[in-house]
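Peer 1: Take a look and give me a structure for this.
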Amino acid sequence: MGSEFLIIGSGAGGATIAKELAESGRKVTIIEKGGFYKLGTPWRALKFYSGGILRPGELSEEKTELLRTIMVGGSTMVTLGNGVRALQSKFDELGINLEKEFSEAERELGVMNTPEDFFGPRTRILRDASLKLGYEVKPTPKFIDFNKCQMCGACVTGCKYGAKWTALNPLTRARRAGAKLIKNITVEKVVHQGGEVKGVQIRNSSGIREFKADKVILAAGGLGSPRILQNSGLDAGDGLFADLFVITYGLSNNRGMREELGMATVIDEFHDEYGFIISPVIDLRLDMLLYLPLMRKMIAFKRDRLLGLMTKIADDSSGKVLPNGKLKKPVTDNDLKKLEKGVKMSEEILYQAGVKPKSIFVTGVRGAHPGGTAAIGRTVDKEFKTEINGLYVCDASIFPSAPGNPPVLTLVALAKKLSSKLIME
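Peer 2: Residues are numbered from 1 along each chain as shown. I've put the predicted structure just below:
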């Protein structure tokens, strides 16, 4: 069993690389730890979020909840469809110019600003309140086909209407071009000898065996790739960030508000200086019942009056993925300062929107974009290479710092950059 190119992971990075290589005539195999799942409801989603049936996210030793999925398509299946350029200037500083790749990705994913017709009632109320306070509110760029979007508010459970771009799009093209997908397989480590990659050691219900490959590309994500690298004898796991976020909630006098598209608008004017963005979001009812403290759970049944603003920050790279799979992710003083600035601003907007002051509360800290654990300059070079010849990494683990912004478009751009290098070699 073997392959010219073996790609570990089928998310934004892995699927894009598979498509680019397969369509150029290369022999490609993708190994994915998860499988295919039915989408569209919170109960189904608990099967593919990595936290399990009690909560969607994994807890660090400090009780910070980190969200990701393990499934074909990776976490692209549960994004809100945000297509923003993140960390472009940072990569420029590292000598990685992504302008061409970003432009290609935007065309391929169909990125466009959210039309005002797709601003739900909450979004409109919060936008108007923000504008009255002098804040700049922008429509969020999305990779969503708005002809198909039903504004159901359930993006995080997977889009059952097929309106949102996911990694299944390039994965389908890759398979049509001859790429092979092997699912429900765990990659334990990279097999190498004399500084050269030989393949990977894999495990499934049948046991452990080796899969040979000329080149291996790790795209198992900010939490998955570092463990494989560690088991392979490489330095990885430090520098974990997660784009930490909280949601500030409050009850409005407006009743009967329906479900709507999350993060349809964004206030990002403070991102460069203070490291945070603010955007309208409310959690699904089941999520609220699972993670909110007991005294706040009943708010889940008042959703038609609920307003929520998310503060997402570019957090410190202070965490770590340990070889045993445990996570460390403290919330630093610097992180707290950023969160507090965003929460204070969110409360101000909610007051302006007519929310009852006594109803306002802030959720616990969570993270949705883990990365930085095999960063460029530490584990890989600017060519995405490790010290093992033939082993590359291309996912959020190579990010130099937290983006504080949705990373999917950047992951696709990086995957295109690496693919062009591999095709040219």
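Peer 1: which other helices and strands contact the lengthiest helix in the chain?
Peer 2: As assigned by DSSP state H, the longest helix anywhere in the chain is helix 333-352. If you count contacts as 3 or more CB pairs under 8 Å, 6 or more residues apart in numbering; DSSP states H and E, helix 333-352 packs onto helix 121-132, strand 244-251, strand 276-280, strand 306-313. Bear in mind the C-beta positions are built from the backbone N, C-alpha and C, glycine included.
Peer 1: Figure out which of those is closest to residue 191.
Peer 2: Closest approach to residue 191 among those (CB to CB): strand 244-251, 35.9 Å.
Peer 1: Show me what whichever strand or helix holds residue 22 is packed against.
Peer 2: Assigned by DSSP states H and E, residue 22 belongs to helix 12-23. For helix 12-23, the elements it packs on are strand 2-8, strand 28-31, helix 168-176, helix 408-424, judged by 3+ CB pairs under 8 Å, 6+ apart.
Peer 1: The longest helix of the chain: which residues count as buried?
Peer 2: Of the residues in helix 333-352, 335, 338, 339, 341, 342, 343, 345, 346, 347, 349, 350, 352 count as buried by neighbour count, 16 or more other CB atoms under 10 Å.
Peer 1: Strand 276-280 and that helix, what's the angle between them?
Peer 2: 30 degrees (axes from the mean of the first three to the mean of the last three CA atoms, to 10 degrees).
Peer 1: what comes into contact with helix 333-352?
Peer 2: With contacts defined as CB atoms under 8 Å, 6 or more residues apart in numbering, helix 333-352 is touched by 126, 129-130, 132-133, 135, 244, 246, 248, 250, 267, 270, 274-278, 307, 309, 311-316, 318, 331, 357, 360, 362, 365.
Peer 1: can we see that at 6 Å?
Peer 2: With contact meaning CB atoms under 6 Å, 6 or more residues apart in numbering, helix 333-352 is reached by 129-130, 132-133, 244, 246, 248, 250, 274-276, 278, 309, 311, 313, 315-316, 360, 362.
Peer 1: Of these, select the buried ones using a ChimeraX command.
Peer 2: In ChimeraX, a selection of the buried entries from those looks like this (16+ other CB under 10 Å):
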select :129,130,244,246,248,250,274,275,276,278,309,311,313,315,316,360,362
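Peer 1: Looking at the longest helix of the chain now, give me its mean pLDDT.
Peer 2: Helix 333-352 carries an average pLDDT of 98.
Peer 1: what about the stretch 151-300 of the chain, any weak spots by pLDDT?
Peer 2: Within the stretch 151-300 of the chain, not a single segment meets pLDDT under 70.
Peer 1: ok, residue 173 to residue 422 distance?
Peer 2: Distance check for residue 173 against residue 422: by CB to CB, to the nearest Å, it reads 17 Å.
Peer 1: Could you do residue 235 as well?
Peer 2: 24 Å.
Peer 1: So which of these two has more stuff around it?
Peer 2: Set side by side, residue 235 and residue 422 show more neighbours around residue 422, with 19 against 13, by other CB atoms under 10 Å.
Peer 1: So which residue is dead centre in the chain?
Peer 2: residue 369 (4.4 Å; CA atoms, centre = their mean).
Peer 1: Who are the contact partners of that residue?
Peer 2: 243, 407.
Peer 1: ok, 7 Å please
Peer 2: Listed by CB atoms under 7 Å, 6 or more residues apart in numbering, the contact partners of residue 369 are 242, 243, 396, 403, 407.
Peer 1: again with residue 380
Peer 2: Counting by CB under 7 Å, 6+ apart, residue 380 has contacts 374, 386, 393, 398.
Peer 1: okay, now the last one: neighbour count?
Peer 2: Spelled out, it's residue 398. Neighbours of residue 398 under the rule other CB under 10 Å: 31.
Peer 1: again, but for the first one
Peer 2: Around residue 374 there are 30 other residues, counting by other CB under 10 Å.
Peer 1: how close does the residue nearest to it when sequence neighbours are not counted get to residue 293?
Peer 2: Leaving aside its chain neighbours, residue 374 sits nearest to residue 397 (4.0 Å; criterion: CB to CB, 6 or more residues apart in numbering). Look at residue 397 and residue 293: by CB to CB, they are 33 Å apart.
Peer 1: So these two - more neighbours on which side?
Peer 2: The neighbour comparison of residue 397 against residue 293 (other CB under 10 Å) goes to residue 397, with 31 against 9.
Peer 1: So the more buried one is in contact with residue 222, correct?
Peer 2: Yes. With contact defined as CB atoms under 7 Å, residue 397 counts as touching residue 222 (4.6 Å).
Peer 1: shared neighbours, those two?
Peer 2: Counting by CB under 7 Å, 6+ apart, the shared contacts of residue 397 and residue 222 are 371, 372, 373.
Peer 1: Before I go, just wanted to say thanks for your time.
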